[in-house]
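Undergrad: Below are the sequence and a predicted model for it; my questions follow.
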Amino acid sequence: MIALINDHGDQISATTATRLIELRERLKLTRDAVAVSAREHGAPASFTAAVLRNIETGRPDAAGNRRRMVSVDELVVLAAALDVSPLELIDTEYAELFGAQTAPVPAPATKTCERCASISGGVQSSVREDVDLLGALEGVEPSLAELAFRLAQAIDDGGGEDGRQMPALAKELRSTLLELRKLTAARRADDDDDDDFGPE
């Protein structure tokens, strides 16, 4: 069994991270809130939202391979923080290896962004794709994303005043997206430096 778990560590961690994100978003919890709850359930003081982000994303290398695995300690405190059993965060194929009589039912899939689901215009669709590539947003990032969506909608609607606002809207949209990318890139750099709990 240990050999099988070792051989499938990437898949177990990736699926656990996916379940974790789905459950956190379904409960409408921020990473900060989950990190605080995890610390209340035994995680060390170093377990922060940045550590949780690295667990969720896997800190992929240039080839896209997961560098950040989920440790057993993390699985236990995160399950407690989200008020589920650790088995509910593990893929059904592997849960039985850990003693589940029947594999747990997967958490229902949720949309990352309800606003994104309603986007239909050409510029709005492009902005959605750009924002989706940035991953989960924190701090002021969701507000900037919402501003970008509104600007894109105004552009798709014709730019107002018979299109006379189009240049100003396009300029503001570019500026907003650039700022959003800068903030997320800076946060990712900080997150990589802050991750000092669990395996690399």
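TA: Yes, it's here. None of the values given here were measured: they were computed from a predicted structure.
Undergrad: Start and end of stretch 158-169, how far apart?
TA: End-to-end distance for stretch 158-169: 10 Å, by C-alpha to C-alpha, to the nearest Å.
Undergrad: what about it, average pLDDT?
TA: The average pLDDT for stretch 158-169 rounds to 74.
Undergrad: do stretch 89-109 as well
TA: On average, stretch 89-109 scores 54.
Undergrad: ditto for stretch 56-66
TA: Rounded mean pLDDT across stretch 56-66 is 85.
Undergrad: what about that stretch, how long is it end to end?
TA: Span of stretch 56-66 from end to end, C-alpha to C-alpha: 10 Å.
Undergrad: In this model Val70 seems to touch Ser13, though I could be wrong.
TA: Yes - at 4.5 Å, Ser13 counts as touching Val70 under the criterion of C-beta atoms under 8 Å. Using the backbone N, CA and C atoms, a C-beta is placed for each residue, glycine as well.
Undergrad: Now for Gln124: which residues touch it?
TA: Gln124 makes contact with Phe149, Ala152, Gln153, Asp156, according to C-beta atoms under 8 Å, 6 or more residues apart in numbering.
Undergrad: And Gly159, by the same measure?
TA: Gln165, Met166, Leu169.
Undergrad: Between Ser13 and Val70, tell me which one has more neighbours.
TA: Val70 (24 against 21; other C-beta atoms under 10 Å).
Undergrad: Tell me how far that one lies from Leu29.
TA: 18 Å (C-beta to C-beta, to the nearest Å).
Undergrad: now swap in Asp156 and tell me
TA: For Asp156, the distance to Leu29 - C-beta to C-beta - is 32 Å.
Undergrad: ok, how many other residues are close to Leu75?
TA: 20.
Undergrad: Might one say that it is in contact with Leu89?
TA: Yes - here Leu75 reaches Leu89: they are 6.1 Å apart, a contact under C-beta under 8 Å.
Undergrad: any weak-confidence spans in the chain?
TA: Low-confidence regions of the chain, defined by pLDDT under 70, span residues 1-9, 91-121, 160-163, 191-200.
Undergrad: need the longest helix for it.
TA: The residue-count maximum for a helix in the chain (DSSP state H) belongs to helix 166-194.
Undergrad: got a markdown table for the contacts of Gly159, with distance to Arg19 too?
TA: A markdown table is the format used below for these (distance: C-beta to C-beta, whole Å):
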| residue | distance to Arg19 |
| --- | --- |
| Gln165 | 44 |
| Met166 | 43 |
| Leu169 | 40 |
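Undergrad: all strands for the chain, in order.
TA: For the chain, applying DSSP state E gives no strands.
Undergrad: just the helices in it please.
TA: Counting by DSSP H, the helices of the chain are 2-7, 9-26, 31-40, 49-57, 72-81, 92-95, 114-117, 122-134, 141-156, 166-194.
Undergrad: Give the buried residues for stretch 28-44.
TA: Across stretch 28-44, burial judged by 16 or more other C-beta atoms under 10 Å covers Leu29, Arg31, Val34, Ala35, Val36, Ser37, Ala38, Arg39, His41, Ala43.
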